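Undergrad: Return atomic coordinates for the entry below.
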Amino acid sequence: QVQLVESGGGLVQAGGSLRLSCAASGRTFSNFAMGWFRQAPGKEREFVAAISWSGRNTYYGDSVKGRFTISRDNAKNTVFLQMTNLKPEDTAVYYCAAAPTLPHYEHWGQGTQVTVSS
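TA: Now for the predicted structure:
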């Protein structure tokens, strides 16, 4: 079992930046690929970004390419999502997830709220 705890969400103005963190505990963090997803009210969950266990490979949803960057620190059991040039449509609850193999996510965090005001 892997426990995931997100942090770093909050309220930011459009054009601003936020950095989300997801701390993992339990099984060996470096065995898992990691991903970020988001869900806005009334909408389906949306893929945001993913990173391989080594960090060499990253993947992004079309709506965040060029604005968001996913990274990980295996020594600290943490994955990050750096979000820049935020837009009101980025408002959502952001979740991190762990996958033994992409895209089969098996463990999810509780989520952190990101609100972007116009």
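Undergrad: Tell me the secondary structure at the residue nearest to the spatial centre of the chain.
TA: When C-alpha atoms, centre = their mean is applied to the chain, the residue found nearest the centroid is residue 36 (2.8 Å). Secondary structure assignment for residue 36 (DSSP: H, G, I helix; E, B strand; the rest coil): strand.
Undergrad: Residue 68 versus residue 82, what's the distance?
TA: Taking C-beta to C-beta, to the nearest Å as the measure, residue 82 falls 7 Å from residue 68. To be clear about C-beta, it is placed using only N, CA and C from the backbone, and glycine gets the same treatment.
Undergrad: Between these two, which has more neighbouring residues?
TA: residue 68 (21 against 15; other C-beta atoms under 10 Å).
Undergrad: So what sits opposite that one in the bridge?
TA: Beta bridges link residue 68 to residue 83, judged by DSSP bridges.
Undergrad: Pull the contacting residues for it.
TA: Counting by C-beta atoms under 8 Å, 6 or more residues apart in numbering, residue 68 touches 48-49, 60, 81-84.
Undergrad: how about 10 Å then?
TA: Residue 68 sits next to 18, 20, 36, 48-49, 60-61, 81-86, 90 when contact means C-beta atoms under 10 Å, 6 or more residues apart in numbering.
Undergrad: Of those residues, which is the nearest to residue 2?
TA: Nearest to residue 2 among those, counting by C-beta to C-beta, is residue 36 at 15.1 Å.
Undergrad: I'd assumed residue 50 was in contact with the closest one.
TA: Yes. Between residue 36 and residue 50 there is a contact under C-beta atoms under 10 Å: 7.4 Å.
Undergrad: Touching both of the two, which residues are there?
TA: 60-61, 70, 79, 97.
Undergrad: unless I'm mixing things up, residue 49 is touching residue 62, no?
TA: No. Judged on C-beta under 10 Å, residue 49 makes no contact with residue 62 at a distance of 11.3 Å.
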